[in-house]
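Enquirer: build me a model from this:
(one chain, ligands or ions: 1)
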Amino acid sequence: MKNVKYGKCTRCGKTYEAVPDLTVCECGGILDIEYDYGYIKTRLTKEALAGRGERSMWRYKELLPVEESTAPTPLRVGWSPLYEESRLAEQLGLKRLWVKDDGQNPTASLKDRASAMAVAKALEAGADVIACSSTGNAASSLAGNAAAAGLKTYIFVPSRAPKGKVAQLMTFGATVVSVQGSYEETFELSKAAIEKWGWYNRNAAINPYLSEGKKTVALEIMEQLDWQVPDYIAISVGDGCTIAGLWKGLKDLHAIGFIDRLPRLISAQAEGCCPLNRAIETGEPWRPMEENTLADSIAVGVPRNADKALNAIRESNGLTVNVSDAEIMAAQKLLGRTCGVFGEPAGVTGTAGVKKLCEAGVIGRNDTVVSVVTGNGLKDVANAIAACGEPITIPGDMEHLLSAFAEKGIAVD
Ligand SMILES: *Cc1c(COP(=O)(O)O)cnc(C)c1O
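Expert: Got it, this is the predicted structure:
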């Protein structure tokens with residue numbers, strides 16, 4: 001890889017050759033992939049990008065840690081739509097607001113970006129089995145992207161994972177272990193199994209390539225905005241790999257001169273599980289929390305990528321916001337009704353955070369904001385129904401329809 005220098009420990013600074021099965025530093029610190037931006041600048045221009053036919057995350061290959069000979073993975077990952085939402089912006093009192101709907105990825109979450117990268121690196125490593133633990137979306141995206149590439153998967157999920165995600169896993173043919181315990185216990189079991197059997201490791205906080213896949217969401221947002229930098233980008237945070245990847249992508253673009261300033265990040269967590277935001281707010285080291293929220297994808301009491309995530313929030317002079325489950329449900333309804341975008345609870349948590357910050361007057365009138373919806377609502381229909389209600393249920397005749405409308409006060413012209 002001519003564009004990559006090495007993997008560098010975020011804790012002790014030790015560097016490692018960027019082999020495909022790179023994991024963590026011997027000190028236990030998480031590695032970060034460092035690039036040769038001088039080389040990349042000679043290979044990638046905005047004009048060249050604009051003319052590119054590849055409508056997936058692989059259109060940014062010069063900025064990705066893969067061999068030049070590595071082919072794009074089979075499923076179309078990335079290049080999700082960025083919608084300008086004028087009515088929602090007006091309702092919230094913002095100058096301009098965009099929603100990046102990453103629920104439109106092939107397995108319906110942003111995690112596809114990391115899983116496609118994992119599949120590409122596993123193939124480079126000559127592996128034929130990949131494994132991970134996940135709150136659900138990393139698992140279903142890995143199972144789907146691996147199935148498309150002909151790789152076998154072993155997946156560990158906590159038993160609370162919503163049915164939609166489990167259905168995806170079973171459909172994609174993964175060997176699925178549902179752990180009767182917390183995400184933390186699930187993670188530890190997967191780690192032990194991966195060590196025992198030597199599978200390719202798709203755990204995002206261990207494999208440093210995965211946030212490089214996730215960073216493509218930032219590259220796309222900026223290209224879709226024609227390189228005009230918004231004031232804020234809001235995203236939901238669990239383990240912290242996603243926000244770290246988002247920040248890495250923005251810094252890459254800054255380093256090669258594609259953007260002239262950096263936005264501030266908005267780190268949105270659930271009130272019932274916000275160890276990273278709490279660390280920022282108190283200025284103290286992060287401490288484990290209970291996993292007490294319906295937003296299962298970000299119910300992470302022991303965040304695995306705390307160092308990189310905290311660094312991203314601090315470096316960007318970012319904001320933190322913690323939202324209740326009721327606020328998450330309200331944001332799900334609001335996005336559905338105002339934008340036609342259906343997000344899962346963790347998927348809409350960033351937007352719930354934006355709404356809360358607008359109402360508190362922290363952001364507003366003069367601010368431009370991108371809110372990333374990280375996962376699709378069909379993954380968790382039970383919570384969508386709980387948030388938005390049941391339909392009118394009647395026998396199939398006009399008499400019942402008229403009385404149901406009258407009863408509900410629905411006036412039809
Ligand atoms: C995984 C996930 C997140 C958070 O990503 P982390 O890397 O765990 O911080 C947010 N939303 C959805 C839908 C996810 O699946």
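
Enquirer: from now on I want contacts and neighbour counts done on CA atoms only, so please keep to that.
Expert: Fine.

Enquirer: residues in contact with the residue of the stretch 301-413 of the chain found nearest the ligand?
Expert: Nearest residue of the stretch 301-413 of the chain to the ligand: G375, at 3.9 Å (Cα to the nearest ligand atom). When contacts are counted by Cα atoms under 8 Å, 6 or more residues apart in numbering, G375 touches 101-104, 108-110, 343-344, 346-348.

Enquirer: who wins on neighbours among the residues you listed?
Expert: Using other Cα atoms under 10 Å as the neighbour test, the contacts of G375 are led by V348, with 34 neighbours.

Enquirer: so how far is K5 from that residue?
Expert: Distance, V348 to K5, by Cα to Cα, to the nearest Å: 36 Å.

Enquirer: buried ones in stretch 76-94, by neighbour count?
Expert: By neighbour count on 16 or more other Cα atoms under 10 Å, the buried set for stretch 76-94 is 76-86, 88-89, 92-94.

Enquirer: measure it end to end?
Expert: Stretch 76-94 end-to-end distance (Cα to Cα) = 33 Å.

Enquirer: how about stretch 333-353?
Expert: Start-to-end, stretch 333-353 (Cα to Cα) is 14 Å.

Enquirer: same question for that stretch, mean pLDDT?
Expert: If you average the pLDDT over stretch 333-353, you get 98.

Enquirer: what's the most distant pair in the contacts of G375?
Expert: Spatial extent of the contacts of G375 (Cα to Cα) is set by the pair Q104 and A346 at 14.9 Å.

Enquirer: so how far is P162 from E407?
Expert: From E407 to P162 the distance is 34 Å (Cα to Cα).

Enquirer: equivalent analysis for K5, please.
Expert: K5 sits 40 Å away from P162, going by Cα to Cα.

Enquirer: I'd say R287 and C273 touch.
Expert: No. R287 is beyond contact range of C273, at 10.7 Å (criterion: Cα atoms under 8 Å).

Enquirer: compare the two (neighbour count), which wins?
Expert: Neighbour count, other Cα under 10 Å: between R287 and C273, C273 has more, with 26 against 13.

Enquirer: what pairs with the more buried one across the strands?
Expert: Beta bridges link C273 to A270, judged by DSSP bridges.

Enquirer: and the pLDDT for it?
Expert: For C273, the predicted pLDDT is 98.

Enquirer: just checking, it touches D296?
Expert: No. With contact defined as Cα under 8 Å, C273 does not count as touching D296 (10.2 Å).

Enquirer: may I have the phi/psi pair for the residue nearest to I392 when sequence neighbours are not counted?
Expert: In this structure, I392 finds its nearest non-sequential neighbour in A404, 7.5 Å apart by Cα to Cα, 6 or more residues apart in numbering. Dihedral pair for A404: phi -70, psi -40, per degrees, to the nearest 10.

Enquirer: A404 reaches P391, doesn't it?
Expert: No. Between A404 and P391 there is no contact under Cα under 8 Å: 11.2 Å.

Enquirer: and for the closest residue to the ligand within the stretch 1-150 of the chain, nearest residue in space, chain neighbours not counted?
Expert: For the stretch 1-150 of the chain, the residue closest to the ligand is N137, as judged by Cα to the nearest ligand atom, at 4.7 Å. With Cα to Cα, 6+ apart as the criterion, N137 has its nearest non-adjacent residue at 6.2 Å, and that residue is K111.

Enquirer: tell me, how many residues neighbour that neighbour?
Expert: Neighbourhood size, K111 [other Cα under 10 Å]: 29.

Enquirer: who touches it in this structure?
Expert: 137-138, 141, 214.

Enquirer: switch to 10 Å and redo it
Expert: K111 sits next to 77, 102-103, 105, 136-142, 204, 210-211, 213-214, 242, 374-375 when contact means Cα atoms under 10 Å, 6 or more residues apart in numbering.

Enquirer: and it, what pLDDT?
Expert: At K111, pLDDT is 97.

Enquirer: how close does it get to N322?
Expert: Separation of K111 from N322 (Cα to Cα): 22 Å.

Enquirer: was I right about P158 contacting T135?
Expert: Yes. Contact criterion Cα atoms under 10 Å: P158 and T135 qualify, at 6.4 Å.

Enquirer: A strand includes I33, no?
Expert: Yes. Inclusion of I33 in a strand is indicated when DSSP: H, G, I helix; E, B strand; the rest coil is applied.

Enquirer: how many neighbours does it have?
Expert: 22.

Enquirer: and the closest residue to it other than its chain neighbours, helix, strand or coil?
Expert: Closest residue to I33 apart from its sequence neighbours, by Cα to Cα, 6+ apart: G7 at 4.4 Å. Following three-state DSSP, G7 is assigned to strand.

Enquirer: in what element of secondary structure is P65 found?
Expert: Assigned by DSSP states H and E, P65 belongs to no helix or strand.

Enquirer: surely it touches I33?
Expert: Yes. Between P65 and I33 a contact is recorded at 7.7 Å, counting by Cα under 10 Å.
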